[in-house]
Structures are given as C-alpha cells and as structure tokens.
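Peer 1: have a look at this prediction, sequence included:
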Amino acid sequence: MPEFHSDEIEVIRDEKTRNPVSFMWKEEDYKIKEIIAFWPDFSYPKEGGKRKRWWHRKHRNYYRVLTEGNEVFEIYFDRGAKVEKWILYTKLE
C-alpha cells in the first residue's frame with residue numbers, strides 16, 4: 001500500500017539532464033539508482049469553476065525513482081512555483 005506524504009524535499013539534479021540524482025527527506029539522504037518512470041502533469045485541479053484557464057493547470061514533472069536502498073518513491077518538481085520546489089509525493093512498496 002502506498003504511503004502518501006506530500007513533503008517538501010531538497011533535490012540534487014544532474015547538471016546536463018536536469019534529472020534528480022539524490023534527495024534529502026527527514027534528514028536522510030537518498031541516492032537515486034534509477035528513474036523508473038517520468039511523466040508531466042498538465043491537468044486541472046478537481047476544485048474550481050467550469051471555466052478552465054491555462055494558468056489554473058498543474059505544472060508538474062513526476063518521477064518514479066528507485067533508490068540505492070531499493071526503495072521506490074514518487075517525487076515531483078512543481079514548475080508553477082515561483083522558487084524551485086520539489087515534493088515527495090508517495091513512498092511505494
């Protein structure tokens with residue numbers, strides 16, 4: 001069963017690819033061994049009016065990652081934030 005967290009995390013990215021290579025969560029450093037999946041999210045929030053505007057959309061890049069400790073997490077980069085913001089969304093089994 002997935003554990004949902006939605007905690008803000010610190011992420012180190014590869015300078016060339018800009019993909020995450022490690023992240024810090026709850027004062028522990030997690031090295032990413034593999035990016036299992038990647039997908040952008042441009043959907044609209046469930047709440048809100050019938051009239052949808054482009055600026056209401058989510059602007060997120062999701063990554064499902066495998067760490068060196070063989071743990072699987074879903075993290076995302078919130079491209080819509082004014083400052084660089086990464087979120088640990090779920091921990092998968």
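Peer 2: Perfect, thanks for sending it. Numbers count the residues shown, from 1 in each chain.

Peer 1: show me where this structure has strands.
Peer 2: In the chain, strands defined by DSSP state E lie at 3-13, 20-25, 28-41, 60-67, 72-78, 86-92, listed in chain order.

Peer 1: adding mean neighbour count and mean pLDDT, write these out as TSV.
Peer 2: The C-beta positions use only the backbone N, C-alpha and C, and glycine is treated the same way. Below are the strands of the chain laid out as TSV (neighbours: other C-beta atoms under 10 Å; pLDDT from 0 to 100):
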stretch	mean neighbour count	mean pLDDT
strand 3-13	13	94
strand 20-25	18	98
strand 28-41	13	95
strand 60-67	18	95
strand 72-78	20	95
strand 86-92	18	95
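
Peer 1: show me what residue 61 is bridged to.
Peer 2: Judged by DSSP bridges, the bridge partners of residue 61 are residue 40, residue 77.

Peer 1: who's in contact with it?
Peer 2: 38-41, 76-77, 79 (C-beta atoms under 8 Å, 6 or more residues apart in numbering).

Peer 1: what about the spatially most central residue of the chain, distance to residue 20?
Peer 2: With distances taken as C-alpha atoms, centre = their mean, the residue of the chain nearest its centroid is residue 76 (1.2 Å). To residue 20, residue 76 is 10 Å away according to C-beta to C-beta, to the nearest Å.

Peer 1: for residue 2, same thing?
Peer 2: Counting by C-beta to C-beta, the gap from residue 2 to residue 20 is 19 Å.

Peer 1: now residue 78: how far from residue 17?
Peer 2: 19 Å.

Peer 1: same thing with residue 73?
Peer 2: 18 Å.

Peer 1: just the terminal-to-terminal distance for stretch 7-27.
Peer 2: End-to-end span of stretch 7-27 (C-alpha to C-alpha, to the nearest Å): 12 Å.

Peer 1: and the contacts of that stretch?
Peer 2: Taking C-beta under 8 Å, 6+ apart as the rule, stretch 7-27 contacts 29-32, 35, 63, 65, 75, 77, 85-88.

Peer 1: now those residues in a markdown table, with distance to residue 6?
Peer 2: Formatted as a markdown table, the contacts of stretch 7-27 follow (distance: C-beta to C-beta, whole Å):
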| residue | distance to residue 6 |
| --- | --- |
| 29 | 20 |
| 30 | 17 |
| 31 | 22 |
| 32 | 19 |
| 35 | 20 |
| 63 | 15 |
| 65 | 16 |
| 75 | 11 |
| 77 | 14 |
| 85 | 12 |
| 86 | 11 |
| 87 | 6 |
| 88 | 7 |
